[in-house]
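Engineer: Based on what follows, work out the 3D shape:
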Amino acid sequence: MLNATRILAAEGAVTVVSETKEITDWALRYFGGWWNAAAVDASASPGGSIGEGDALLLADVDSKRLAGLETQVGDYEYDEVDYANARTLVARHKDGVICAVQPAERLAYHYTPAAHRLVVVGAQARPVAVAASRLARELIRGQLLRAGFHILHASCVVRDGRALLAFGPKGAGKTTTALLLARKGFELLANDRLFIRPDSEGLRILPWPSASAIGFGLLGSVGLYEPLRARILAGEQMHPTQDQRVTDALYAGSTKPIWNSKGKELKPQFFPDQLSSLLGMTLASQAHATALLFPRVEKDAEPQLVPAPRALREEDFFTSKTEDRYPDIFRLAPDKAAPATDFADRLALLPRRALVLTHDSRASTCLLTKTAEELLSP
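Structural biologist: Numbering: from 1, shown residues only. Got it, this is the predicted structure:
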């Protein structure tokens, strides 16, 4: 029996079809809170439940097809890249078809650009489900970029359709800002990146659905660590990208930060729907940019507004050159992006504040809430 989940995001649409319900359910869970995702009739003809303009993603456990694609890639010249932190072999055929395999993960891909159809097969359901959801997002990403959207490196909260965007490099406090405000009743639209495009009402913003990483320290400071641990002990499954050492720490009740060999902190990884079910947040599906924040975290400082918020920088924009984890191996994005000058200039005109946050979450929350309410008031 075929199962299908259709995902809609503004001018983007993809239908995920599989004989394995876990795979389509995963897509429904991943995109339902931020994009419009719903189970549909997999047998529907074009113009029915599966839209005529949809990209189509076929995903299943299929050892025979997997072996065939592994052989096919091996028979061609291929490039070796790192995709989703995995060694990936990519072969491009003269007719435009792109095939790829990830040997260690036992995953294979076959993309036909002319038909907007991507096949994902693997040896086990869970890795196929993860890959299918990732590629469904990438298919829509390509469609949104073609429709004139850009990607910003920012977190975002919303009140009454008005969006407050927080900018800064890794560790600046974008996620902290979004989480603290979402805990005070603001809607969460993004914790790391988002889509943006000018329209007749201003600068329209859409979410970028993804797993969310939140450190032990932040979870503990807002009283969420123990409730999360209780759910883990009761059988709650976190996102599979979560490092086993983090899971072990949750079981043991440890809040000590964990670092990998590259000096990166390993954090609990949440499905999008767990931001609501575990952390009590409300998710926003779209908004219009209203104001900008530029936070930075200083452990021993007092939370305070600081003068001279900076201008936007190149690091605040995601492009094919800055994307590191998910290079465009299937060439889903347009060769030439829409000019960013218009929306960048309009962002520069929005009211903005720079502020210092501290590890005192209560004091930081008070400052953030007061500042956000001031900036988002009509």
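Engineer: what about the helices in this protein?
Structural biologist: In the chain, helices defined by DSSP state H lie at 21-31, 63-75, 125-146, 174-182, 216-221, 225-233, 244-252, 274-277, 341-348, 361-376, listed in chain order.
Engineer: okay, the ones you listed, which one's buried deepest?
Structural biologist: Among the helices of the chain, judged by mean count of other C-beta atoms under 10 Å, the one packed with the most neighbours on average is helix 174-182 (a mean of 26). No exception for glycine: its C-beta is placed from N, CA and C like everyone else's.
Engineer: Show me how far that helix is from its chain's centre.
Structural biologist: Taking C-alpha atoms, centre = their mean, to the nearest Å, one finds the center of helix 174-182 at 16 Å from the center of the full chain.
Engineer: contacting residues around that helix?
Structural biologist: Contacts made with helix 174-182 from outside it, assessed by C-beta atoms under 8 Å, 6 or more residues apart in numbering, are listed as 154-157, 164, 166-168, 188, 190-192, 212-214, 218, 222, 275, 279, 281-282, 293, 295, 297, 357, 361, 364-365, 368-369, 372.
Engineer: State the mean pLDDT of that helix.
Structural biologist: When the per-residue pLDDT values of helix 174-182 are averaged, the result is 93.
Engineer: Would you agree residue 162 is in contact with residue 287?
Structural biologist: Yes - proximity of residue 162 to residue 287 meets the contact threshold set by C-beta atoms under 8 Å, at 6.6 Å.
Engineer: Those two: which has the busier surroundings?
Structural biologist: Neighbour tally, residue 162 and residue 287, criterion other C-beta atoms under 10 Å: the higher count belongs to residue 287, 26 against 18.
Engineer: Next, the contact list for that one, please.
Structural biologist: When the contact criterion is C-beta under 8 Å, 6+ apart, the partners of residue 287 are 156, 158, 161-163, 187, 189, 204-205.
Engineer: Report the beta-bridge partner residues of it.
Structural biologist: Each beta-bridge partner of residue 287 is listed here, defined by DSSP bridges: residue 205.
Engineer: Now do the same for residue 46: its pLDDT.
Structural biologist: In the predicted model, residue 46 carries a pLDDT score of 43.
Engineer: what does the one 3 residues further on give?
Structural biologist: Looking at residue 49, its pLDDT stands at 54.
Engineer: Show me the shaky parts of this protein.
Structural biologist: Under the criterion pLDDT under 70, the flagged ranges of the chain are 44-52, 319-324.
Engineer: Could you dump the contacts of residue 287 into TSV with distance to residue 62 added?
Structural biologist: Output for the contacts of residue 287, formatted as TSV (distance: C-beta to C-beta, whole Å):
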residue	distance to residue 62
156	39
158	41
161	44
162	47
163	42
187	40
189	37
204	39
205	38
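Engineer: out of these, which one sits closest to residue 316?
Structural biologist: For residue 316, the closest of these turns out to be residue 156, at 12.6 Å, with distances computed as C-beta to C-beta.
Engineer: Pull up the gap between the closest residue to residue 138 other than its chain neighbours and residue 28, please.
Structural biologist: Counting by C-beta to C-beta, 6 or more residues apart in numbering, residue 332 is the residue found nearest to residue 138 once chain neighbours are left out, at 5.5 Å. When distances are taken as C-beta to C-beta, to the nearest Å, residue 332 and residue 28 turn out to be 22 Å apart.
Engineer: from memory residue 80 sits against residue 100, does it?
Structural biologist: No - in this structure, residue 80 is not within contact of residue 100 by C-beta under 8 Å, at 10.3 Å.
Engineer: Neighbour count: these two, which is higher?
Structural biologist: In terms of neighbours (other C-beta under 10 Å), residue 100 is the more surrounded of residue 80 and residue 100; the figures are 23 against 8.
Engineer: And the more buried one, how far from residue 59?
Structural biologist: Residue 100 is 14 Å from residue 59, by C-beta to C-beta.
Engineer: how about the nearest residue to residue 367, chain neighbours excluded?
Structural biologist: Computed as C-beta to C-beta, 6+ apart, the closest residue to residue 367 that is not its neighbour in sequence is residue 303, at 4.3 Å.
Engineer: which residues sit in contact with the one you found?
Structural biologist: The neighbourhood of residue 303, defined by C-beta under 8 Å, 6+ apart, consists of 355-358, 360, 363-364, 366-367.
Engineer: Check residue 305 too.
Structural biologist: 353-355, 367, 371.
Engineer: again, but for residue 53
Structural biologist: residue 13.
Engineer: what's the burial count for the closest residue to residue 186 other than its chain neighbours?
Structural biologist: Setting aside the residues directly before and after it, residue 186 is nearest to residue 157 in space (C-beta to C-beta, 6+ apart), at 3.9 Å. In terms of burial, residue 157 registers 31 neighbours under the definition other C-beta under 10 Å.
Engineer: again, but for residue 194
Structural biologist: Counted with other C-beta under 10 Å, the burial measure for residue 194 works out to 25 neighbours.
Engineer: Report the beta-bridge partners for it.
Structural biologist: Note on residue 194: beta-bridge partners residue 152, residue 207, judged by DSSP bridges.
Engineer: Could I get the CA-only coordinates of stretch 275-292 as CSV?
Structural biologist: Taking Å, rounded to 0.1, in the frame of the first residue of the first chain, the C-alpha atoms of stretch 275-292 are listed here in CSV:
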residue,chain,number,x,y,z
LEU,A,275,9.4,22.2,20.4
SER,A,276,5.7,22.2,21.2
SER,A,277,5.1,18.9,22.8
LEU,A,278,8.2,18.9,25.1
LEU,A,279,9.1,22.6,25.4
GLY,A,280,5.7,24.2,25.3
MET,A,281,6.3,26.6,22.4
THR,A,282,3.9,27.8,19.7
LEU,A,283,5.3,27.6,16.2
ALA,A,284,4.6,30.3,13.5
SER,A,285,4.3,29.4,9.8
GLN,A,286,4.9,32.9,8.3
ALA,A,287,5.3,36.6,9.3
HIS,A,288,6.6,39.9,8.1
ALA,A,289,9.9,41.3,9.3
THR,A,290,9.4,44.2,11.7
ALA,A,291,12.6,44.7,13.7
LEU,A,292,16.1,43.3,14.2
